[in-house]
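Asker: Dropping the sequence and predicted coords here.
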Amino acid sequence: MANRKEKTFRFIIVGGGIAGVTCVEQLSSQIPSADVALITASPHIKTVTKYRQVSKTLEEFDVEEQASSVLEEKFPNLTVIHSAVKSLHTRSHSLETTDGRVFGYEKLCICGGGRPKLLTQENPYVLGIRDTDSAQELQKRLSKAKRIVVVGNGGIALELVYEVEGCEVIWAVKDKAIGNTFFDAGAAQFLIPSLEADKPEKDAPCKRPRYTTEEPAPGGSHTFTADRNARRQGSSSTEAGSALGPDWHEGIVLQGSEQGTRRVSLEYQCEVEKIFTSEELLNSPPQTLGHENGSWPVYIKLTNGKTFGCDFVVSATGVVPNTEPFLHGNNFALADDGGLQVDDHMMTSEPDVYAAGDVCTACWEHSPMWQQMRLWTQARQMGWYAGRCMAAQVLSEPIELDFCFELFSHITKFFNYKVVLLGKFNGQGLGSDHELLVRCTKGLEYVKVVLSGGRMVGAVLIGETDLEETFENLILNEMDLTPYGEELLNPNIDIEDYFD
Ligand SMILES: Cc1cc2nc3c(=O)[nH]c(=O)nc-3n(C[C@H](O)[C@H](O)[C@H](O)COP(=O)(O)OP(=O)(O)OC[C@H]3O[C@@H](n4cnc5c(N)ncnc54)[C@H](O)[C@@H]3O)c2cc1C
Ligand SMILES: NC(=O)C1=CN([C@@H]2O[C@H](COP(=O)(O)OP(=O)(O)OC[C@H]3O[C@@H](n4cnc5c(N)ncnc54)[C@H](O)[C@@H]3O)[C@@H](O)[C@H]2O)C=CC1
């Protein structure tokens, strides 16, 4: 293998998602003379645009799918190779792509992302959503659907149940309340009425979809075949595209086959017992069907004893890191969640191999206010920091863990409300050693503060609260807030002035 190397690059980055592209940009700007290669399985790359630092740690940006030539024009020493990595040989510092080419590297950064952790891999009626292709497939299947079942209680499920119209949605969650990965039962109660209300009038529609599939076919339409879908469902990681992100649903139409608005029924505290096809049901005892009549293409039996027929099931049940092609024959240490373990310099356990984004698991000793979540913001931050670490090592410069890893922060939107999460927003890891202060105005805002030892350690802000910067400062300053008690959330006090 070592002798077959077509070229040896100083830096190779694998993956054209946010983590990989940010890493490339950072390296290419810091060491413009270095030969850098970006190897990616997807036809387009994802770039951060309209980046805005909202406060010390909160950031907002858009993501655009672009042709890789845009990046190559910006950085003359960059080569983008559109192929998937098939095997990696850390001992010879080389890797092979699926089109049979072999490249050497001095330093490598793996940014291969993740793939949906599906309820089942083999069932064509169970869909996951990850990349542009899978979102388009969802749109196509939904346009003919009367009823779907959404399983999962995290980001994708929250977005999907709110957006889908013209189709009945059965939403099965394991927990007592909705949105357990992002907030608590109180916030869930605040949000639930939005599921029953009509969606507010949309702002002007996106002039241009943020996400596209492959280049349009000559007739101008996108094509999908059963075979293509089967391969994706079969989770071939070499075919994975980059993950979607905020506003992914704005570029596609989430409309079922019927007229009318949203219709969501919730099934709490249940998991999936079995997924049947209609053929399997023909041979099942009649009680298996419950109140269903046998005319749906697929049936899902939940652990609460109910069975629902539907057109398809969306498995919105999390992500698994895409480590497959990188593992074999190497000695990567893996974390419990299957991610490549990285230290505080984004280095894996293999020499000269770094990793960033969804594929990795941060295994340094975290700041007490930070935790990893597989989010777009963290993919950007990790890619950026990995690029800086790789450059620093080559230039023999010292580097310290970046400030962005001091405090967990995330801005997003659920049910058309702005949602800001700070620090240990759900009291993660605090056990009973914390107290909560809550302020809630129905339909307007939900503010929750997590206090530990009199200090603010986390917050959930839903609505236009305008509190994020002040609360971020209070968390970072570790100020003893005991004297203020519940006044902290008194709506008649301008808290910003209070702490100035
Ligand atoms: C539907 C959806 C909505 C989301 N919404 C939000 C949100 O609102 N806010 C937020 O913060 N986050 C959101 N996320 C999460 C966010 O999109 C991801 O955390 C982030 O994009 C991960 O970036 P990444 O670069 O690590 O991985 P990815 O974007 O998955 O990129 C991985 C790249 O690696 C390539 N690749 C994989 N294997 C190989 C191989 N063997 N060889 C070569 N290339 C390979 C892929 O083609 C791809 O280009 C969402 C995710 C989904 C699926
Ligand atoms: N606005 C945002 O910030 C958004 C972020 N995302 C990110 O995209 C990625 C993918 O999103 P999701 O798939 O929603 O993952 P997620 O990690 O947000 O949520 C997964 C959910 O599935 C549940 N689950 C896991 N296994 C299950 C099972 N067998 N049966 C029933 N429930 C099960 C979990 O309890 C959890 O509620 C995540 O990293 C997420 O953070 C996605 C959409 C929006």
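Answerer: Arrived safely. Numbering: from 1, shown residues only. Ligands and ions are numbered 1, 2, ... in the order given.
Asker: Now this protein against ligand 2: closest residue?
Answerer: Closest approach of the chain to ligand 2 (CB to the nearest ligand atom) occurs at G154, with a separation of 1.9 Å. To be clear about C-beta, it is placed using only N, CA and C from the backbone, and glycine gets the same treatment.
Asker: so that residue sits right up against M373, yeah?
Answerer: No: in this structure, G154 is not within contact of M373 by CB atoms under 8 Å, at 9.7 Å.
Asker: Of those two, which one has the most company?
Answerer: G154 (18 against 14; other CB atoms under 10 Å).
Asker: which residue packs closest to the more buried one, ignoring adjacent ones?
Answerer: In space, and not counting its chain neighbours, G154 is closest to T181: 4.0 Å by CB to CB, 6 or more residues apart in numbering.
Asker: got it, and I39?
Answerer: Excluding the flanking residues, the one nearest I39 by CB to CB, 6+ apart is I81, at 4.6 Å.
Asker: Can you tell me the SS state at the one you found?
Answerer: strand (DSSP: H, G, I helix; E, B strand; the rest coil).
Asker: ok, what's across the strand from C109?
Answerer: I13, Y354 (DSSP bridges).
Asker: Identify the residues contacting G423.
Answerer: Counting by CB atoms under 8 Å, 6 or more residues apart in numbering, G423 touches M369, W370, L407, F408, S409, V450, M456, V457, G458, A459, I475.
Asker: Checking L195 next. Helix, strand or coil?
Answerer: helix.
Asker: Mind listing the shared neighbours of G154 and M373?
Answerer: Counting by CB under 8 Å, 6+ apart, the residues touching both G154 and M373 are T181.
Asker: how close does G17 sit to R130?
Answerer: Going from G17 to R130 by CB to CB, to the nearest Å gives 11 Å.
Asker: tell me, what's touching the two both at once?
Answerer: A243.
Asker: isn't G15 right up against G357?
Answerer: Yes: look at G15 against G357 with CB under 8 Å: they come within range, at 7.1 Å.
Asker: neighbours around the closest residue to ligand 1 within the stretch 301-450 of the chain, how many?
Answerer: Ranking the residues of the stretch 301-450 of the chain by distance to ligand 1 (CB to the nearest ligand atom) places G357 first, at 2.2 Å. A total of 34 residues lie near G357 under the criterion other CB under 10 Å.
Asker: confidence score at it?
Answerer: For G357, the model assigns a pLDDT of 98.
Asker: what about the stretch 401-500 of the chain, any weak spots by pLDDT?
Answerer: Across the stretch 401-500 of the chain, the ranges flagged by pLDDT under 70 are 498-500.
Asker: What parts of this protein come near ligand 2?
Answerer: With CB under 6 Å from any ligand atom as the criterion, the chain meets ligand 2 at residues 119, 151-157, 159, 174, 180-181, 271-272, 316-319, 373-375, 412.
Asker: Those residues in strands, which ones?
Answerer: If you go by DSSP state E, the residues of the chain next to ligand 2 have V151, V272, V319, T412 in strands.
Asker: How many residues are close by L138?
Answerer: Neighbours of L138 (other CB under 10 Å): 22.
Asker: so how far is the one helix or strand A386 maps to from its chain's centroid?
Answerer: For A386, the element it lies in under DSSP states H and E is helix 376-394. Averaged C-alpha coordinates place helix 376-394 at 18 Å from its chain's average position (CA atoms, centre = their mean, to the nearest Å).
Asker: Do that helix and ligand 1 come into contact?
Answerer: Yes: Helix 376-394 is in contact with ligand 1 by CB under 6 Å from any ligand atom, via W376, T377, A379.
Asker: Apart from its neighbours in sequence, what residue is nearest N153?
Answerer: Using CB to CB, 6+ apart, the closest residue to N153 is V173 (4.1 Å).
Asker: sorry, that was for P193
Answerer: Nearest one to P193, counting by CB to CB, 6+ apart, is G443 at 7.1 Å.
Asker: secondary structure class for that neighbour?
Answerer: G443 ends up coil, using three-state DSSP.
Asker: ok, the residue sitting nearest the centre point of the chain - contacts?
Answerer: Among the residues of the chain, the one closest to the centroid is L375, at 4.4 Å (CA atoms, centre = their mean). Neighbouring residues of L375 by CB under 8 Å, 6+ apart: H410.
Asker: so what pLDDT did it get?
Answerer: Residue-level pLDDT assigned to L375 equals 95.
Asker: Start and end of stretch 138-155, how far apart?
Answerer: 16 Å (CA to CA, to the nearest Å).
Asker: so how far is that stretch off the chain centroid?
Answerer: Distance, centroid of stretch 138-155 to centroid of chain: 18 Å (CA atoms, centre = their mean).
Asker: Run through the strands of the stretch 301-450 of the chain in chain order.
Answerer: 307-310, 312-315, 319-321, 340-342, 353-355, 360-362, 409-414, 417-423, 435-441, 445-452 (DSSP state E, counting those that start in this stretch).
Asker: right, so these: which one is the most enclosed?
Answerer: Neighbour counts (mean count of other CB atoms under 10 Å) averaged over each of the strands of the stretch 301-450 of the chain peak at strand 353-355, with a mean of 28.
Asker: before we move on, back to that, how close does the residue nearest to P193 sit to F415?
Answerer: 11 Å.
Asker: same deal with F9?
Answerer: 46 Å.
Asker: Repeat that for D62.
Answerer: 21 Å.
Asker: in the stretch 51-200 of the chain, which spans are strands?
Answerer: With strands called from DSSP E, counting those that start in this stretch, the stretch 51-200 of the chain shows them at 59-66, 78-82, 85-89, 94-97, 102-110, 114-116, 126-127, 147-151, 168-172.
Asker: just checking, which of those comes out with the lowest mean pLDDT?
Answerer: Averaging pLDDT over each of the strands of the stretch 51-200 of the chain puts strand 59-66 lowest, since it has a mean of 90.
Asker: Walk me through which strands that one pairs with, and which way each runs.
Answerer: Partners of strand 59-66, by DSSP bridges, with direction: strand 45-53 (antiparallel).
Asker: which residues sit against the strand it pairs with?
Answerer: 16-18, 20-22, 38, 59-68, 70-71, 80, 242, 245, 380.
Asker: Filter these down to the buried ones.
Answerer: Those of the contacts of strand 45-53 that meet the buried threshold are 16-18, 20-22, 38, 59, 61, 63-65, 68, 71, 80, 242, 245, 380, by 16 or more other CB atoms under 10 Å.
Asker: so P325 makes contact with S83?
Answerer: No: P325 is not in contact with S83 according to CB under 8 Å; the separation is 11.6 Å.
Asker: Which one's more surrounded, those two?
Answerer: Per other CB under 10 Å, whichever of P325 and S83 has more neighbours is P325, with 21 against 15.
Asker: Next, count neighbours for the residue nearest to the more buried one when sequence neighbours are not counted.
Answerer: Distance criterion CB to CB, 6+ apart; nearest residue to P325, sequence neighbours excluded, is V85 at 5.4 Å. Around V85 sit 24 other residues, with neighbours defined as other CB under 10 Å.
Asker: Can you tell me who V85 pairs with across the strands?
Answerer: T97.
Asker: Next: R115.
Answerer: V320.
Asker: Measure how buried it is and give me the count.
Answerer: That count, for R115 with other CB under 10 Å as the rule, works out to 23.
Asker: That one against Q121, yeah?
Answerer: No: using CB under 8 Å, R115 is not in contact with Q121, being 10.3 Å away.
Asker: Show me where the stretch 151-300 of the chain dips below the pLDDT cut-off.
Answerer: If you take pLDDT under 70 as the line, the stretch 151-300 of the chain has these spans: 201-240, 245-246, 282-294.
Asker: which non-adjacent residue is nearest G20?
Answerer: C111 (3.5 Å).
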